[in-house]
Structure formats: structure tokens, C-alpha cells
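Student: The following block contains a protein sequence and its predicted model.
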Amino acid sequence: MSSHGKDTPMADHHLLKKTPVDLGRLSLSEWDELAEHLDIMPGILQRIRRAVFLQGIPSLSRMDDLPSDVRQKLAGKVILHDSRLKSLTRSSDGSLKLTLLLHDDHLAETVIIPERKEGSIKKCAVSISSQVGCFFGCSFCATGQMGFNRNLSTRELADQVRLAIRTAEEEKIAPVTHLYFMGMGEPMHNYRAVSDLITLIESGEAPGPDPSRITISTVGLYRQIGMLASDHPKVKLAVSIHSANQEKRKEIMPISARLPLADIRQAIARHQRLTGHRVTLQYLLLDGVNDSPDDAAALVRFIGNLNINITLIMYNDVAGCRVRRTDIEKMESFRNVLVRAGHPVDVRWCRGEDIFAGCGQLQVSASRKRTNMSIRSNATDRQPDAGS
């Protein structure tokens, strides 16, 4: 490592202009930059990162093996914020919802979903949140009604995974084998923190399964889809379409004004070329809105020759939303159009509906006033930037 930290005043570094620095919110490149500036060796840097993200220590003072000179270099310059388990709610179907209290009194929700096979639970998945609230204001979603508060930090993402793994062990459920970025918020709108967590998981510096068992769900931020394919080719992709008609999709999902279906399709095709994975198209069936045979035919045309899995989602009731779940007959009719076109189709009845842990039901209140910003009140013709 260079001796950059020895010949440049520490306060001169841009990351130290305002101290203490929140280590959990730094990007991985900023971690490396700060370590080089402070002349911290790579091996020690990795130990610190493992303690911060994998072990979830509340303070570096808990690191008994940290050399005294490194302690001195970091003293007063860095800080850690940890997340605490505020409540655990159990569903009649076996799902668990964890509500986490963040350092600024905001809340985030994580869902543990046991997967039963042949009468017993062999594994479970964890769905984590990437934001407090959501910017995009989809018409069917409780999280979207919250407005947007802020992105979660890499540390806060890791905290969710670690607490979920610990809870699954304590509840004697089953090992956590899959990780879904399908909780509160749009993961691709917080791309940097999400990407950094996956990198840390792959290096063993954060908790979580192999990236091949990680799925990221998005409303179709096509630039970030391309970034994901390049940065994390093992990670699976799920795209929430909900309509293959651009005008109808804009009514359901206002973000569609910025995300043309043609661009989304092109991004999906590129993702497949780079990764070799089937992409999952998620389609929430809403009664009288997007569940007709014509809607199904439009979806078939959109797919064309793409190698796609389709998941039809049965809607969970959300207070204040004026949409309803489609009935079984319409769902079957819709599904049959897709099957006849040769596409594999799954139907998802969301878990945890009785504890408001199902798809689109996650919603929390924060003690602080939220940022009054959403796609409904702040629409432009641009796609949001990654990690904004």
C-alpha cells in the first residue's frame, strides 16, 4: 500500500471533510480510498469490513484484534450505525415479518418465507427492503403510498440479512438459502448499495447465499439492468411488467412514463445474452385492469422470442388502493393464453398476507417527517439515476 496517508494531512481528504464518517454508507471504492489515505493495510481493511458487515459490530471498539495504531488512525473519524429488531410478527402460513428500527428512527421491513416441500420445511428465503418508502408510487402498492424517505445503506442491507438468518436459526425454521430484493423500495434505484452488498457476500465479508441464489426485482430501470448483468452475472433478474400496453402500464405504474417498454425489452435481451439466465417477468393481475385475454396476447407479443419465465401474482388487498384481485376464472384464462404460446407460467399466491407482509403490502411509519417526493408529484421525462 502507498504511504499516501503519511505525506498528506488527513483532514485534506474529501471523505474526512466532515467527520465522523459513516462506514456503513461508504461505497466499496470509498473504503479502499479511505484505507489508502490512512495507510491501513489490505488485510486489516478486510477484517474491519467483515466485522462491520458480516458480524454487525456496533462499534470498532469491539474489535479486540485491531492494532492500536489503526485504532488511533480511525479514532473520532468513523462511526457505525446499527439496526435493531423492533418487532417480529408471525403469519398463519409460517412467514415471519421483521420490523427493524434504524438509527434515525425510520423503520424497514424484512420477510422470512419458509418453503415447504413434501410436508416439511427444507429451506427458506428472505426478502429484504432496499429503501424506506418508494419513489415510484405504483397504484397497487402500500409502500408507494409512503412516498420516498431515503435509500438504505449497505450496512442496513446487511443488517437485514444477518438478522433474518439469526431469526431463522432461533425459530428453528430452516437454513436461509435464497435472498430476494423484493421488499420496500426499488432496488435498482439504490443500485450502488445493493451492488456493494452482493460483492461483499461473494467475498465472504457479508452474510447471504451465493449470488446465484439472489434475485433482484425491478420495475424496469433498464440502465441498471445492464449494469447488473455486467457487475453480477450470477444474480437472477425479475422485472415487474404488469402490462405490456405502454399507456395502460403508465396508469398502473407512473414510472412507465420514463421507462418505455421497448427499452426494457432490449435490456432484458441484453441481460440474457450476457448471463445466460432466463429472466422472470412478474405480472400482477388486477381485476378489470390488466387481466383480459387481449392483455395476455399483448404480453405474448412483448415477449416474442425472449427466453422468459412468467410469474402471475395474485393481488393482496391494500387499504387506500382502488384495485382488486382478479378472480380465478380470469386468471386461468389469462394463464392459458401464455401457456398456449409456449411460455412457462407460475402463479404466486403471496405469503404473509394476514400480517401485511405480502407483495405490495409492506408499509411502515417513521417518527420523522418523510420526504414529500414521488413519481406522482415529481415526474420528468428522465429515468432516475442509479443510487440516487
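Tutor: Happy to help now that I have it. Numbers count the residues shown, from 1 in each chain.
Student: okay, CA-based contacts and neighbour counts for the rest of this
Tutor: Will do.
Student: Quick check: the closest residue to residue 155 other than its chain neighbours vs residue 332, distance?
Tutor: In this structure, residue 155 finds its nearest non-sequential neighbour in residue 24, 4.5 Å apart by CA to CA, 6 or more residues apart in numbering. For residue 24, the distance to residue 332 equals 46 Å [CA to CA, to the nearest Å].
Student: Could you check which of the two is surrounded by more residues?
Tutor: Using other CA atoms under 10 Å, the more surrounded residue of residue 24 and residue 332 is residue 24, with 25 against 13.
Student: partner residues bridging residue 97?
Tutor: With DSSP bridges applied, residue 97 shows beta-bridge pairing to residue 89, residue 111.
Student: Hmm, it is touching residue 109, no?
Tutor: Yes - taking contacts as CA atoms under 8 Å, residue 97 lies within contact range of residue 109: 6.8 Å.
Student: thinking again about what came up before, doesn't the residue nearest to residue 155 fall inside a strand?
Tutor: No - under DSSP: H, G, I helix; E, B strand; the rest coil, residue 24 falls outside any strand and is assigned helix.
Student: That one and residue 78 touch, don't they?
Tutor: No - Residue 24 lies out of contact with residue 78 (CA under 8 Å); the separation is 9.7 Å.
Student: thinking again about what came up before, tell me the contacts of the residue nearest to residue 155?
Tutor: Contact analysis of residue 24 by CA atoms under 8 Å, 6 or more residues apart in numbering lists 52, 53, 80, 81, 153, 154, 155, 156.
Student: cool, residue 51 as well?
Tutor: Contacts of residue 51 (CA under 8 Å, 6+ apart): 57, 63.
Student: Distance of it relative to residue 128?
Tutor: From residue 51 to residue 128 the distance is 21 Å (CA to CA).
Student: what does residue 43 give?
Tutor: 30 Å.
Student: which one of the two has more residues nearby?
Tutor: More crowded of residue 43 and residue 128, by other CA under 10 Å: residue 128, with 26 against 8.
Student: State the pLDDT value of the more buried one.
Tutor: Predicted confidence (pLDDT) for residue 128: 97.
Student: Hmm, residue 184 and it touching each other?
Tutor: Yes - Residue 128 is within contact range of residue 184, at 7.4 Å (criterion: CA under 8 Å).
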